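Undergrad: Just need the structure, nothing else, for what follows:
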Amino acid sequence: MIRINLLPVRAAKKKESVRFQYTVAGLVTFLALAASLAVYFTARSEASVVAGQISSGQQELTQLKKKIGELSKIKKQKKVVEEKLKIIKNLE
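TA: This next block holds a predicted model:
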């Protein structure tokens with residue numbers, strides 16, 4: 001009977017299997033890292049957009065507060081003028 005030594009073939013298959021597993025693990029790790037970076041940069045970009053919107057909103061709020069202040073001054077002046085007109089009408 002002929003004896004066939006299959007140990008080198010099994011060892012080679014095992015090495016190939018281990019190499020394949022390492023390759024798959026490395027690829028999965030790389031893809032997970034790439035996905036994480038994509039999510040991070042997307043979130044960072046959205047955060048900067050929101051920060052820009054907040055700053056422009058604050059500037060608009062400041063301008064509107066100035067306009068409200070001007071309107072209140074004009075209303076006070078209008079009231080004073082109306083009172084003066086009443087006084088003038090009463091004098092006539």
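
Undergrad: Tell me how many other residues surround G52.
TA: Neighbourhood size, G52 [other CB atoms under 10 Å]: 10. (Each C-beta comes from the backbone N, C-alpha and C, glycine too.)

Undergrad: Quickly find the element holding Y40.
TA: Y40 is part of helix 7-91 when elements are defined by DSSP states H and E.

Undergrad: average model confidence for that helix?
TA: Here helix 7-91 scores 94 as its mean pLDDT.

Undergrad: So what's the gap between that helix and the chain middle?
TA: Averaging C-alpha coordinates over helix 7-91 and over its chain gives two centres that are 4 Å apart (CA atoms, centre = their mean, to the nearest Å).

Undergrad: And for stretch 83-92?
TA: Its chain's C-alpha centre and that of stretch 83-92 lie 61 Å apart, by CA atoms, centre = their mean.

Undergrad: residues in contact with it?
TA: For stretch 83-92, contacts defined as CB atoms under 8 Å, 6 or more residues apart in numbering pick out no residues.

Undergrad: Only the C-alpha atoms, please, for that stretch, written as PDB.
TA: Written as PDB, here are the backbone C-alpha positions of stretch 83-92 (Å, rounded to 0.1, in the frame of the first residue of the first chain):
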ATOM      1  CA  GLU A  83     -49.500 115.900  21.700                       C
ATOM      2  CA  LYS A  84     -48.100 119.100  20.300                       C
ATOM      3  CA  LEU A  85     -50.700 119.100  17.600                       C
ATOM      4  CA  LYS A  86     -53.500 118.600  20.100                       C
ATOM      5  CA  ILE A  87     -52.200 121.500  22.100                       C
ATOM      6  CA  ILE A  88     -52.000 123.700  18.900                       C
ATOM      7  CA  LYS A  89     -55.600 122.700  18.000                       C
ATOM      8  CA  ASN A  90     -56.800 123.500  21.500                       C
ATOM      9  CA  LEU A  91     -55.200 126.900  21.300                       C
ATOM     10  CA  GLU A  92     -57.000 127.700  18.000                       C
END
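
Undergrad: What are the buried residues along that stretch?
TA: Neighbour counts over stretch 83-92 (16 or more other CB atoms under 10 Å) mark no residue as buried.

Undergrad: Same check on stretch 23-35?
TA: Neighbour-count burial for stretch 23-35 flags no residue at all (criterion: 16+ other CB under 10 Å).

Undergrad: That concludes my questions; thank you for your assistance.
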